[in-house]
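Participant: Just need the structure, nothing else, for what follows:
(chains A and B)
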Amino acid sequence: MTVDIEDALARMADGLRTLTPRRPLLIGVHTGGTWVAEWLHRRLGLAEPLGSLDISFYRDDFSRVGMNPQVKTSHLPVSIDDRHLVLIDDVLHTGRTVRAALNELFDYGRPASIALAVLIERDGRELPIQPDIVGARIRLKANEHVKLTGPDPLGIKIMEKSD
Amino acid sequence: MIGDIQIDAEGRRRHFLTTEGMPAETILGILDTAESFISVGEREIKKVPLLRGKTVVNLFFESSTRTRTTFEIAGKRLSADVININTSVSATQKGESLLDTVRNLEAMHIDLFVVRHPLSGAADLIARSVPEHVHVVNAGDGRHAHPTQGLLDMFTIRRYKGDFRQLKVAIVGDILHSRVARSQIHALTALGTREVRVIGPRPLLPTAVERLGVQAFTDFDEGLRGVDVIIMLRLQRERMCSALIPSAREYFDLYGLTPRRLRQAAPEAIVMHPGPMNRGIEIDSAVADGPQSVILPQVTNGIAVRMAILARLAGATQPEPKTP
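Facilitator: Prediction:
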């Protein structure tokens, strides 16, 4: 299975255009999500500043796997209170990352709304979370996973898990 | 050897007792994590859920305001339940009663102990006695170590001065009785600091201090020349009347950091102090409150660094797979 990244990004940009009247704040999830958010921000020429989230402190597997040593700093440049947010990630898989990101966002304020935009929606959801904007939908075998490479140029790799 | 019990069979850190023997990668990893905790302290809801459901006990057998408070805040910002126990300990109450206290607390399902004790080795003793899933952080034991202070000082130095390999650092004052100095020296040398100096009157310098990889100076002005970081240590008033120090006045004349003396150091040198400071004894107010002082940022940084250390320990609580 292959994914045309140009098509997927263009589809996301089209979806986001319908939201622009609300002056949404784009917030990318580290690391792949921030790359996609940056690309979309440039492509759409948005004036609103770009935000980023590192959800390491909100993961539900912390007590099992411990701290991610490469944790980055979350950065929300303006208040999110009463703003429309678009949360952007590269791959939607189990939904756990999105759950963590939503919890983190609410520690910053009370947004008017949050939409979810993902470059790739794959099967394997473990939580009731669905995207509003999707670049591409794929189904993968249990031993496959998909990974975004980048940031310049952005690429998509489908790999078999080594273990 | 203390180093052994801090790490479990899988190589994960269980306890945080000393900076002695701690590899540079471990130190830098904690400092990196602490960087991201700084931003948590700056936002409206200063809390993350990492230690939700964990219970942290601050077990302090020696008085402390800064360390205990910053540990308490660190635990609470990680969403742990934090309990403070302050007990004074008499010289006769040693060993057994300490472990009895700990066993009683263990029976209450405590996950993490933060221990301060006037006796060197107290945290180590506790770490050896607790069950596998319980973690111990040394918040100062006798003259031995105060590793979280050591790391928060490294964090502060890195934030202001960058690469340790370019830096000359001077630690000034009562090196002999200072657990802070020992923890700083081990961390600074692990990080490859270009030059570490200790400065103080001969009676307050440990014998053969050079073996720790530092240069010793008894002349303050000479030792300060060209340094990038000056760490002033507290001169404990209780020792003032003893034979070690003739008078506070004389000490200030010889080892007090004044604006004039500060000019011996590199132009952009920073001044640090682990607190509590004695104004007019080891440091002049004009320096303590001056533009080169980073004494209050040290306190702020202490919260983030202690959060990083607590998170580091508590994140590895899953029972280890049994090795045959």
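
Participant: Nearest spatial neighbour of the residue in chain A that chain B sits nearest to, chain-adjacent residues omitted?
Facilitator: Minimum separation of chain A from chain B (C-beta to the nearest C-beta) falls at residue A:66, amounting to 3.3 Å. In short, each C-beta sits where N, CA and C put it, glycine included. Of all residues not flanking residue A:66 in the chain, residue B:315 sits nearest, at 3.3 Å (C-beta to C-beta, 6 or more residues apart in numbering or on different chains).

Participant: ok, the one you found - contacts?
Facilitator: Residues in contact with residue B:315 (C-beta atoms under 8 Å, 6 or more residues apart in numbering or on different chains) are A:62, A:63, A:65, A:66, A:67, B:50.

Participant: Residue ranges in the stretch 101-250 of chain B under the pLDDT threshold?
Facilitator: Where the stretch 101-250 of chain B drops to pLDDT under 70, the residues are B:237-243.

Participant: cool, chain A as well?
Facilitator: For chain A, the stretches flagged by pLDDT under 70 are A:69, A:163.

Participant: Residues of it that sit close to chain B?
Facilitator: Those residues of chain A that sit near chain B, judged by C-beta under 8 Å from any C-beta of the partner chain, are A:54, A:56-58, A:62-67, A:69-75, A:103-104, A:107-109.

Participant: Name the SS class of residue 140, please.
Facilitator: Chain wasn't specified; assuming chain A. Assigned by DSSP: H, G, I helix; E, B strand; the rest coil, the conformation of residue A:140 is coil.

Participant: um, chain B though
Facilitator: Classification of residue B:140 using three-state DSSP returns strand.

Participant: so it touches residue B:178, yeah?
Facilitator: No: using C-beta atoms under 8 Å as the test, residue B:140 is too far from residue B:178 to be in contact (10.5 Å).

Participant: got the CA positions of stretch B:144-161 in PDB?
Facilitator: In PDB, the C-alpha atoms belonging to stretch B:144-161 read as follows (Å, rounded to 0.1, in the frame of the first residue of the first chain):
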ATOM      1  CA  HIS B 144      27.600  13.600  52.200                       C
ATOM      2  CA  ALA B 145      25.400  14.700  49.400                       C
ATOM      3  CA  HIS B 146      22.600  16.900  48.200                       C
ATOM      4  CA  PRO B 147      22.200  15.700  44.700                       C
ATOM      5  CA  THR B 148      19.000  17.500  43.600                       C
ATOM      6  CA  GLN B 149      20.600  20.800  44.600                       C
ATOM      7  CA  GLY B 150      23.700  19.800  42.600                       C
ATOM      8  CA  LEU B 151      21.600  19.100  39.600                       C
ATOM      9  CA  LEU B 152      19.500  22.300  39.900                       C
ATOM     10  CA  ASP B 153      22.700  24.200  40.000                       C
ATOM     11  CA  MET B 154      23.900  22.500  36.800                       C
ATOM     12  CA  PHE B 155      20.600  23.400  35.200                       C
ATOM     13  CA  THR B 156      21.000  27.000  36.200                       C
ATOM     14  CA  ILE B 157      24.600  27.100  35.000                       C
ATOM     15  CA  ARG B 158      23.600  25.500  31.700                       C
ATOM     16  CA  ARG B 159      20.800  28.000  31.200                       C
ATOM     17  CA  TYR B 160      23.000  31.000  31.700                       C
ATOM     18  CA  LYS B 161      26.400  29.800  30.500                       C
END
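
Participant: Strands of the chain, residue ranges please.
Facilitator: Just so you know, I chose chain A. Assigned by DSSP state E, the strands in chain A fall at A:25-29, A:51-53, A:84-92, A:113-122, A:133-138, A:144-149, A:155-160.

Participant: wrong chain, I was asking about chain B
Facilitator: Under DSSP E, chain B gives strands at B:55-60, B:81-86, B:112-117, B:135-141, B:168-172, B:195-199, B:215-217, B:229-232, B:270-272.

Participant: export those strands to TSV and tack on distance to residue B:285?
Facilitator: As requested, the strands of chain B are arranged in TSV below (distance: least, C-beta to C-beta, whole Å):
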stretch	distance to residue B:285
strand B:55-60	29
strand B:81-86	30
strand B:112-117	28
strand B:135-141	26
strand B:168-172	17
strand B:195-199	20
strand B:215-217	24
strand B:229-232	13
strand B:270-272	12
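
Participant: Reformat those as a markdown table; add distance to residue B:6 and mean neighbour count.
Facilitator: As requested, those are arranged in a markdown table below (distance: least, C-beta to C-beta, whole Å; neighbours: other C-beta atoms under 10 Å in any protein chain shown):
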| stretch | distance to residue B:6 | mean neighbour count |
| --- | --- | --- |
| strand B:55-60 | 18 | 22 |
| strand B:81-86 | 22 | 15 |
| strand B:112-117 | 14 | 25 |
| strand B:135-141 | 9 | 27 |
| strand B:168-172 | 24 | 25 |
| strand B:195-199 | 23 | 23 |
| strand B:215-217 | 29 | 16 |
| strand B:229-232 | 25 | 27 |
| strand B:270-272 | 26 | 23 |
